[in-house]
Structures are given as C-alpha cells and as structure tokens.
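# One predicted model, sequence on top.
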Amino acid sequence: MSDPFLELERVHVWRGEEAEVAALDDVSLSFRQGESVAILGPNGSGKSTLLQLLVGGLRPEVRDESYCRLFGEERWCIDELRERIGVVMPEEVARFDPEELAFDVVLTAFRGAYGRVRTMRFSKTERIAASRAVDRLGIGHLVNREFGALSSGERRRFLIARALAPDPGVLVLDEPSTALDFAAATELSDILRELIRDGHTLVLVTHHPGEIPPEIERVVMLKEGRVHADGPARTWLTSEHLSGLFGLPLRARWSGGWCHVRGAS
Ligand SMILES: Nc1ncnc2c1ncn2[C@@H]1O[C@H](COP(=O)(O)OP(=O)(O)OP(=O)(O)O)[C@@H](O)[C@H]1O
C-alpha cells in the first residue's frame, strides 16, 4: 500500500467567529494514493471543510494530540500541493472571466490563478500538457470558445481538464455533477470511471449515494462534523446506514455495482 497523502489525527476545525460547534469535530482519517474514496453526508456535515484541509485551504485547531499531514508533512507549500492534487469545485466557475478562452482557463492551472491569462507566459511543455488534458476530456473542439459561452457540462469538463493538466496523482471533486442534466452527468461519470481505471486516485464529495461509481470501493460518511462511518461502500451503503446518515427512512438497492436509493415511505 502506498503512503497516505492525507492523515488526520483527532482534528478539529472551527469556521466563523460565532460558531458554537466545530465544522470538523475530532476527525481521524487517512487517504492513500491508489484508493479512491467517496465522501458522503448531508448538508453542513463537514464535507467541504474536509476538502479544504486536503487542498491546504484551511488549517485545524492546534492541539497536542492532533495533526493534519499532507504527503507526510505538517507544513506544505501550496504550489507544490497544486502539482500533486488537482481540485474541481463548483464555485470555481464564477472565478473566471466569462470572456477568457476556454483553453486559457486550463492553462491557469500552472499558475494557481483564475484569470488574466493574457498577462501570463506559459512554456511549450505546459501548453502540451494542457492540450493533452483537453483531449482526454473530449473538448478539443471547444478550446477557442469563450468560457462563458459554454454549457455547464462543457465548463465542468474544462475545469476537470484544468485540474488534470499538471498531471496530479490525486483528483478531488466536490459535487461534480451539480447542475448537470442526466446525459451530462452520465458522461461525466464515465470520464471519472475511466480516470480511476487509468490510475488516478479520486476523492469524490457527494450528497448522492447513486453517484458513487463501482470503481470507488471506500466510503467515508460525515454527519455533524464527525466520521459517522468509514469502510467498504457495500457495507455502509445500506438502507439502515443511509437512513441513519440522512435522518429519514431510505431504501437502498444494489445493482451492477451501483447503489440506488429512494425514500422508504
Ligand atoms: N465560511 C464559513 N463561515 C462560517 N461557517 C461555515 C463556513 N463554511 C461552512 N461553515 C459551517 O461549517 C459547517 C460545515 O460546513 P461544510 O460546508 O463543510 O459542510 P458540507 O457538508 O460541505 O455542506 P453542503 O453539503 O451544504 O455543501 C456548517 O455548519 C457550516 O455552516
């Protein structure tokens, strides 16, 4: 088994001056390269907070018994992290100038920036890597379109290409199918499955068990800032455990490696 890229030991994270409860409360977890994982939980359960730890955007409360290590280190350089962990978050779409060319959005991956590509210089190697990522996502024909003129699904693919361009081993996706129609969500799911089969490690955050592809065998359930369950998807994605997680009666049924869930009443 490879070394962990994330190790959390008894971590507490507080968000906002007036918070009465921790966004993450005594969380211990570790994620390893080669093992894709889905993070599942209701609204406000701490999923995005966990992702922010993973990408170096938040730091936990300092306590003697706790640590947060990324690639074995408690201190890290954001630029180095960017090369090792690619991130796709829904709120990123709004950070780009809609008039930016779609290909330029992908290039920004190499500067950790969100825009004004015209003022940046990129090497031939970076351009080739960006083209490769674009081809990988099947969006080569859209590279000269303005980013703002693309559909939600197309923009999502460009953001995934952007995350993949520096060739990180780990790809973190926060609710990647939000706002996508059924066809776009299915296509996106096929792309994610292919990335896992090609050796990428995915960390997929979702509210929906039905979006967890068969290639992701581990699920971490968060509830009220705590780890509610952590283990094989087959063990934890059941009617009983999902009802407990979401706080309403649910019925889960497995078929073809997917978990289908509906209300039990
Ligand atoms: N910027 C912020 N300032 C203050 N509190 C925050 C902030 N962001 C999140 N929180 C709080 O931290 C807790 C965990 O939020 P988080 O966004 O991590 O949950 P989540 O599981 O990602 O939710 P969702 O599914 O709704 O995106 C919540 O109680 C939330 O209100």
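Looks like it came in fine. Residues are numbered from 1 along each chain as shown.

# which element is F31 on?
strand 24-32 (DSSP states H and E).

# what's in contact with whichever helix or strand comes after that strand?
Counting by DSSP H and E, the next helix or strand C-terminal to strand 24-32 is strand 37-40. By Cβ atoms under 8 Å, 6 or more residues apart in numbering, the residues outside strand 37-40 that reach it are 31, 47, 50-51, 202-207, 209, 212, 216, 218-222, 233, 245. C-beta: built from backbone N, CA, C; applies to glycine.

# can you rerun that using 7 Å?
For strand 37-40, contacts defined as Cβ atoms under 7 Å, 6 or more residues apart in numbering pick out 31, 47, 50, 203-206, 209, 212, 216, 218-222, 233.

# Let me see the backbone angles for R10.
phi 50, psi 50 (degrees, to the nearest 10).

# Once you drop chain neighbours, what's closest to it?
S66 (4.2 Å; Cβ to Cβ, 6 or more residues apart in numbering).

# From A22, how far out is that neighbour?
12 Å (Cβ to Cβ, to the nearest Å).

# more crowded one of these two?
A direct count of neighbours by other Cβ atoms under 10 Å for S66 and A22 places A22 higher, at 20 against 16.

# Might you enumerate the residues of the stretch 151-265 of the chain proximal to the ligand?
When proximity is defined as Cβ under 6 Å from any ligand atom, the stretch 151-265 of the chain approaches the ligand at H207.

# For the stretch 151-265 of the chain, give the residue positioned nearest to the ligand.
H207 (5.8 Å; Cβ to the nearest ligand atom).

# Next, find the distance separating the residue nearest to R10 from V37.
In terms of Cβ to Cβ, S66 sits 21 Å off from V37.

# go on, L150?
L150 is 29 Å from V37, by Cβ to Cβ.

# more crowded one of the two?
Between L150 and V37, counted using other Cβ under 10 Å, V37 has the larger neighbour count: 22 against 19.

# what pairs with that one across the strands?
Note on V37: beta-bridge partners V203, R218, judged by DSSP bridges.

# I'd like to know which helix or strand in this protein has the lowest mean pLDDT.
helix 78-84 (a mean of 78; mean pLDDT, DSSP states H and E).

# so where's the stretch 1-150 of the chain shaky on pLDDT?
Where the stretch 1-150 of the chain drops to pLDDT under 70, the residues are 1, 113-115, 117.

# Tell me how many other residues crowd whatever residue of the stretch 1-150 of the chain ends up closest to the ligand.
Here the stretch 1-150 of the chain gets closest to the ligand at one residue, G16, 2.8 Å apart by Cβ to the nearest ligand atom. Using other Cβ under 10 Å, G16 is surrounded by 7 other residues.

# Find the nearest non-adjacent residue to the most centrally placed residue in the chain, please.
In the chain, the centroid-proximal residue (Cα atoms, centre = their mean) is L173; its distance is 2.0 Å. Distances taken as Cβ to Cβ, 6+ apart place V88 nearest to L173, at 4.8 Å, with adjacent residues excluded.

# Quick check: phi and psi on the one you found?
The phi/psi pair for V88 (degrees, to the nearest 10) is phi -130, psi 110.

# Could you report the neighbour count for it?
V88: 21 neighbours (other Cβ under 10 Å).

# from memory it sits against A161, does it?
No: look at V88 against A161 with Cβ atoms under 7 Å: they stay out of range, at 9.7 Å.

# re earlier: and the residue nearest to R10, how far is that from E9?
From S66 to E9 the distance is 5 Å (Cβ to Cβ).

# Equivalent analysis for C259, please.
Taking Cβ to Cβ, one finds C259 at 30 Å from E9.

# what helix or strand is S189 on?
Applying DSSP H and E, one finds S189 within helix 182-197.

# Name the residues that touch that helix?
By Cβ under 7 Å, 6+ apart, helix 182-197 touches S36, L137, G153, R156, L171, P176, S177, L180, L202, E211, P213, E215.

# got it, and stretch 2-13?
For stretch 2-13, the surrounding residues in contact (Cβ under 7 Å, 6+ apart) are 22-34, 49, 53-54, 58, 60-61, 63, 65-72, 170.
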